[in-house]
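Peer 1: attaching a predicted model along with its sequence, questions to come.
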Amino acid sequence: MLEIQNTLVSLDLLERYFCCDLDKCLGECCIEGDAGAPITEDERRQIEDILPEIFDDLMPAAQREIKEHGVAYIDEEGDLVTSIVDGRNCVFTCYEPGGMCHCAIERAFRQGRVNFMKPVSCHLYPVRVKEYADFTAVNFHRWKICHCAEVLGRKLGVRAYKFLKEPLIRRFGEEWYDELDHTADEYFRQYPNGVAD
């Protein structure tokens, strides 16, 4: 683990290679799992604010779920998460021909229709953040559906913390990321191949 400001960062974030390969995974992280994406109360409010703009983009079953239960719920672990459909799909998941899925929120953001990109937890994935009383844990979640992303990252020579620069800055700030980047440079000077190589 590395200590960066008030966070403890898993070495996997530095050592692992990672680059999303949507052509192979088809965005499966939006549809697999036992709960929706973790969100904050502020993010719930932002999603509710933009809902009229994206509602017609959603699947009919997702529209019904939101009308009946809202955009989020408290899961079994007590976390606020996006609502899901059929026990798996995030309500904001949409499908393209061929099975590729995408986030209705992110698509609307990239089209300039809304000013909220998507929940930070989605932007950060495969990083998972856990708040504790004295520090924040920043972990790299390894999951079989992302194996193709690790393969592509290794092929391209892209480490996870480099691939995730934008969302890490969004969550922790530029100063934090600069310190992580500097620490990574020092780490690889001392251990050129890292443990994962």
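Peer 2: Yep, that arrived.

Peer 1: switch to C-alpha atoms for all contacts and neighbour counts from now on
Peer 2: OK.

Peer 1: which other residues reach the longest helix along the chain?
Peer 2: Looking across the chain with DSSP state H, the single longest helix is helix 174-190. For helix 174-190, contacts defined as C-alpha atoms under 8 Å, 6 or more residues apart in numbering pick out 4-5, 14, 165, 168-169, 194.

Peer 1: what of stretch 152-170?
Peer 2: 13-21, 120, 123-124, 176-177.

Peer 1: where is pLDDT lowest across those?
Peer 2: The member of the contacts of stretch 152-170 with the lowest pLDDT is residue 21, at 78.

Peer 1: where's the spatially closest residue to that one that is not a sequence neighbour, which helix or strand?
Peer 2: Setting aside the residues directly before and after it, residue 21 is nearest to residue 149 in space (C-alpha to C-alpha, 6 or more residues apart in numbering), at 5.2 Å. Taking DSSP states H and E as the definition, one finds residue 149 inside helix 147-156.

Peer 1: may I see the buried residues of that helix?
Peer 2: 147-154 (16 or more other C-alpha atoms under 10 Å).

Peer 1: what's the most distant pair in those?
Peer 2: 147 and 154 (10.7 Å; C-alpha to C-alpha).

Peer 1: the chain: helices as residue ranges?
Peer 2: Assigned by DSSP H, the helices in the chain fall at 12-15, 22-25, 41-54, 60-69, 104-110, 120-124, 147-156, 160-163, 165-172, 174-190.
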